[in-house]
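*Asks:* sequence and computational prediction follow.
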Amino acid sequence: MTLTPQKLVLRSILAGVVLLGVMAACVWIGSQDVSLADVLKGPGVEGSPNIQYIIFMQERLPRICLAAIVGAALACAGVVFQAILRNPLADPYILGVSSGAGLGSIVAVLFSGTVIYGRIAGHFSWIAEATGMSSLMIMAFVGAMLTVWLVWVIGRVTGRTHVTGLLLAGVVVNAFFSALIMFLLSIARARQLQSTMFWLMGHMMLPENPLMVWFSGGVVLLGIVCLLMLGNSLNILSFGSDDAQSLGVPVKRTCFLAFGCAALITSVAVSLSGLIGFVGLVVPHAVRLVVGPDHRLLIPLSAIAGASFLVVADTIARVIIAPAILPVGVITALVGGPFFLILLIRYTKNIQWGPA
Amino acid sequence: MSLIEFDKVSFGYEQTPILKDLTLSVQTNSFWAIIGPNGSGKSTFLSLLSGHIKPQQGVVCVDQQVVTTLNTSQRAQKISLVRQEFIPVFGYSVFETVMMARYVRQSKRLFENAADREAVRAALEATDTLNFAERPLGHLSGGERQRVFIARALAQETPILLLDEPTSHLDLKHQIKIFDLLKQMQIQQGKTILLVTHDINLAVQYCDRVLLLGSDEAFFEGPPEQVLDSGRVESIFGVQGYQGRIQEEKFFVPLGQFSKDRPE
Amino acid sequence: MPTLLLAVILCGCAKEPEPSQPQADTQMRIISMAPNLTEILFVLGVDDEIVGVTKYSTYPPQAKEITSIGTFWQPDIEAVLMCKPTLVLTLGFEQQTTLAHRLEKIGCETQSLDIESISGLYEALSVIGSKVNKSEQAQKLVSAIQNKQKELTDRYASSDKIKVLWVVQRQPLRVAGTKTFANELIEIAGGINAISDTINVYPPIGNEEFIGSMPDVIIEPSMDSEQIQTQKATAREFYQRFSVVPAVANDRIYVIDGDLASRLGPRLAEAMQKVADCLRPEGEE
């Protein structure tokens, strides 16, 4: 009938096992032939290093982990935004994250040569060195977080209800920032443009410092756990803030926490991987159609499903036109779109989106 | 000792005052009907009572405590609110929906316990909705859904129950069923019920007291018969009416331009 | 050596007597829609007939004095018309073909050139040469470059092929594929592209593919001719993570002038030599 801790743990473990299986399978697939035997031979000696080992440890394994982290973050954030906004079509980028990250990254690429940027960036170069993240990544993160904060502030001031305010603010900010992005792109040199466009389509970049992968994973995990704790409140919030308030849910505080956590993990994901679409939109629905709308189950399982989805999508993106790579966002769109359509058709009888 | 006290409460938007110097006391275990034309302040009254909005003047007290000084959780333990039913965006089942009322009793717990499950089951039984506990809300009729929302308020286990026009769009059978249910809750569980409704006759049949709100800041409260006899219903609603009596029950019928019994 | 050749050609042009009979239009007014087209016009000696060039036509330095008519991917048609051109030289891609069509409609003569490969350059030189009545100079230039090409190809015909990655962009990592003219430069210099055939002309590749290709030499055309040293420094830092690859282990990372190496133009012979020098410094065989 209702969720018990045992049910949650059991299903999470099951899903977790599937994820590990997917990761274990995909780690051996890539444009270069790397086999277990190769890796077990060890790193090799000074003069003749074991290439397969290096490719595996330095590039493949971290990349698979990164894909899992980004996928988990995006799917989980998607679930939360859909709950807060009571909108099945919400995705993690809806409230300014996409245009904020895009703007940040374009500023990083376009102005990286200029003096002013150099001076400002100079103050923060220790961050870049410590984290091993490129200025593109850092600016994307900063851009995303600042924009989300802006949307939150505007949303509080406008709109009769909190949710309407957020949505309106999100639309306005997105539109304005998109225009800014278009402007900057139009004055960019062709080469700089290509670089940004590719990243915007969703391309996972490994940070220089491998610790950053752990750190990002930790932040995302923390965010997901916080959101899980809010699971009950999110269930009730999806009935409307008036209802939620009379049932004793501290609406403003819950919204703020949920929004903040979801925005944080999305910004981390975007800074590592650009704007990968469909994961945050499709995975929550797919999981909801299977396990129901209870967020205490939806949040952890969507995270795991999102992780698996992106690991597979990234592997495909890197193999399909090898040795060249496709932006992973292309694969998620091509796969996610029809998949969603099929799910919707099969299960639509169980779902009602609005008043009959 | 009264459970709810309004002391010279005033509230309005911009230039339009809605309520002025409203003073009344609601006794424990009473069943009130709140009647009035649109815009007279019925929903505002409920919002003031539930602490959603703050009075511009005066004080609203529940259990000797000023409502606006209570936090969300404390308020939810004293007052539950039922509005017109709707289908939520995501497909929660009847059981899950009613279980949401237990949030305020769960404090920080993420999962419900046996006591919660029992309260929900009892509420579903009382509202005759146990049969479709597993069905999603979208699969029920309007009347059934409204009962589920009432069940949710029941499971919240609050002394005070507020309802905002829960029956306006339901058919006769379901309207009566819900009024019966509410009366039962008053009698068997000692609840204090305040119900905003358009249906004067049902209100008069079931309620102990009626609060009549006018479009200006006028208000009148008293036992139903007194309210009907006073002639205020006609003047406040701006209609002509006929009052009648069948043995115990009084009734009121508004007469329009084409009514056959309209006095010339 | 190549500069000497160029000097000879330029001198040759200068010695050319002005045609005694005036032609129907006294002077041509030529607009060049790309930096390499500008270079070609200068080399052929018709630089004083050029009335408009694109923004980044920076070579030779005199070209910077000429009126700018926009960038080659976003040409300004109004500026073009203001220059009252009699001949507009364009490249073959979208924005420029549209411009060309509109100019044709107004009655302005345009010449579209497809310079995607070295043979394309030779053809373009002939076409331009005939259009501006400098066919002889054009032919001389073509021969000079062809000689250089033959010289290098012969010299390295029997040597071991050196694996080269021609990196045009770092984030994402993008290299010149097997269908580019950079690939031709590599092969002329006795090298081979470390990346195998791809659908994309300039494929983005992942770190894995970079390592797997195990290049002996990395060549980066510079973004900006003034920034070669800075780019060299950042390059060394950037490629550190690929230290297992011979190019990085042996410090065989070269940054060459982008204007020279990425432009299919009259200085191609110089570019070929430069690339050869990168592959075999100090003329090793």
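*Replies:* Looks like it came in fine.

*Asks:* can you give me the helices for the stretch 51-200 of chain B?
*Replies:* Secondary structure of the stretch 51-200 of chain B (DSSP state H, counting those that start in this stretch): helices at B:72-78, B:94-99, B:103-106, B:114-126, B:142-155, B:172-189, B:200-206.

*Asks:* next: the stretch 51-200 of chain A.
*Replies:* A:51-54, A:61-84, A:97-111, A:115-123, A:125-131, A:135-157, A:162-187, A:190-200.

*Asks:* for the residue nearest the centre of chain A, give me its contacts.
*Replies:* Geometric centre of chain A, nearest residue: A:Leu74, 3.0 Å, by C-alpha atoms, centre = their mean. A:Leu74 sits next to A:Pro92, A:Thr266, A:Ala269, A:Ile276, A:Val279, A:Gly280, A:Val283, A:Gly306, A:Leu310 when contact means C-beta atoms under 8 Å, 6 or more residues apart in numbering or on different chains. Using the backbone N, CA and C atoms, a C-beta is placed for each residue, glycine as well.

*Asks:* mind checking which of the residues you listed are in helices?
*Replies:* A:Thr266, A:Ala269, A:Val279, A:Gly280, A:Val283, A:Gly306, A:Leu310 (DSSP state H).

*Asks:* now, which of those sits nearest chain B?
*Replies:* Among the ones in helices among the contacts of A:Leu74, A:Val283 lies closest to chain B (C-beta to the nearest C-beta), at 15.3 Å.

*Asks:* any idea how far chain C is from that closest one?
*Replies:* A:Val283 sits 24 Å away from chain C, going by C-beta to the nearest C-beta, to the nearest Å.

*Asks:* whichever residue of the stretch 201-350 of chain A sits closest to chain C - nearest residue in space that isn't next to it in sequence?
*Replies:* Chain C sits closest to A:Ala324 of the stretch 201-350 of chain A, with a gap of 3.2 Å, by C-beta to the nearest C-beta. Nearest residue to A:Ala324, sequence neighbours excluded (C-beta to C-beta, 6 or more residues apart in numbering or on different chains): C:Pro203, at 3.2 Å.

*Asks:* what are the buried residues along whatever helix or strand C:Leu121 lives in?
*Replies:* Taking DSSP states H and E as the definition, one finds C:Leu121 inside helix C:118-131. Buried residues in helix C:118-131, defined by neighbour count with 16 or more other C-beta atoms under 10 Å in any protein chain shown: C:Ile118, C:Leu121, C:Tyr122, C:Ala124, C:Leu125, C:Val127, C:Ile128, C:Gly129, C:Lys131.

*Asks:* got the contact list for that helix?
*Replies:* So helix C:118-131 is contacted by C:37, C:40-41, C:44, C:87, C:89, C:111, C:113-115, C:135-139, C:141-142, C:145-146, C:149, C:181, C:184, C:264-266, C:268 (C-beta under 8 Å, 6+ apart).

*Asks:* what about chain A: which of those residues touch it?
*Replies:* Counting by C-beta under 8 Å from any C-beta of the partner chain, the subset of the contacts of helix C:118-131 that neighbours chain A is empty.

*Asks:* of those residues, which belong to strands?
*Replies:* Those of the contacts of helix C:118-131 mapping onto strands are C:Leu87, C:Leu89, C:Gln111, C:Leu113, per DSSP state E.

*Asks:* mind giving me CSV with the contacts of A:Leu74 and columns for pLDDT and neighbour count?
*Replies:* Below are these laid out as CSV (pLDDT from 0 to 100; neighbours: other C-beta atoms under 10 Å in any protein chain shown):
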residue, pLDDT, neighbour count
A:Pro92, 88, 32
A:Thr266, 92, 31
A:Ala269, 91, 34
A:Ile276, 91, 31
A:Val279, 92, 33
A:Gly280, 92, 31
A:Val283, 93, 31
A:Gly306, 96, 32
A:Leu310, 95, 33
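
*Asks:* of the contacts of helix C:118-131, buried ones?
*Replies:* C:37, C:40-41, C:44, C:87, C:89, C:111, C:113, C:115, C:135, C:137-138, C:141-142, C:145, C:149, C:181, C:184, C:264-266, C:268.

*Asks:* list the contacts for residue 239?
*Replies:* In the absence of a named chain, chain A is used. For A:Phe239, counting by C-beta under 8 Å, 6+ apart, the contacting residues are B:Pro88, B:Thr97, B:Met100.

*Asks:* meant chain C, my bad for not saying
*Replies:* C:Ile218, C:Val245, C:Ala247, C:Val248, C:Ile253.

*Asks:* could you point out which element follows whichever strand or helix holds the fourth one?
*Replies:* Taking DSSP H and E as the criterion, the element that holds C:Val248 is helix C:246-249. The first helix or strand that comes after helix C:246-249 along the chain, using DSSP H and E, is strand C:253-256.

*Asks:* other residues contacting that following strand?
*Replies:* C:217-222, C:228, C:231-232, C:235-236, C:239, C:247, C:274-275, C:278.

*Asks:* which of those residues sits closest to B:Ala119?
*Replies:* C:Tyr239 (66.3 Å; C-beta to C-beta).

*Asks:* correct me if wrong, but the closest one is in a helix.
*Replies:* Yes. The assignment for C:Tyr239 by DSSP: H, G, I helix; E, B strand; the rest coil puts it in a helix.

*Asks:* now do it against B:Val26, distance only.
*Replies:* 79 Å (C-beta to C-beta, to the nearest Å).

*Asks:* was I right about A:Ala108 contacting A:Phe141?
*Replies:* No. If you go by C-beta atoms under 8 Å, A:Ala108 and A:Phe141 don't touch, sitting 10.6 Å apart.

*Asks:* that older thread, could the contacts of A:Phe239 be laid out in JSON lines, adding neighbour count and pLDDT?
*Replies:* Formatted as JSON lines, those follow (neighbours: other C-beta atoms under 10 Å in any protein chain shown; pLDDT from 0 to 100):
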{"residue": "B:Pro88", "neighbour count": "20", "pLDDT": "89"}
{"residue": "B:Thr97", "neighbour count": "23", "pLDDT": "94"}
{"residue": "B:Met100", "neighbour count": "25", "pLDDT": "93"}
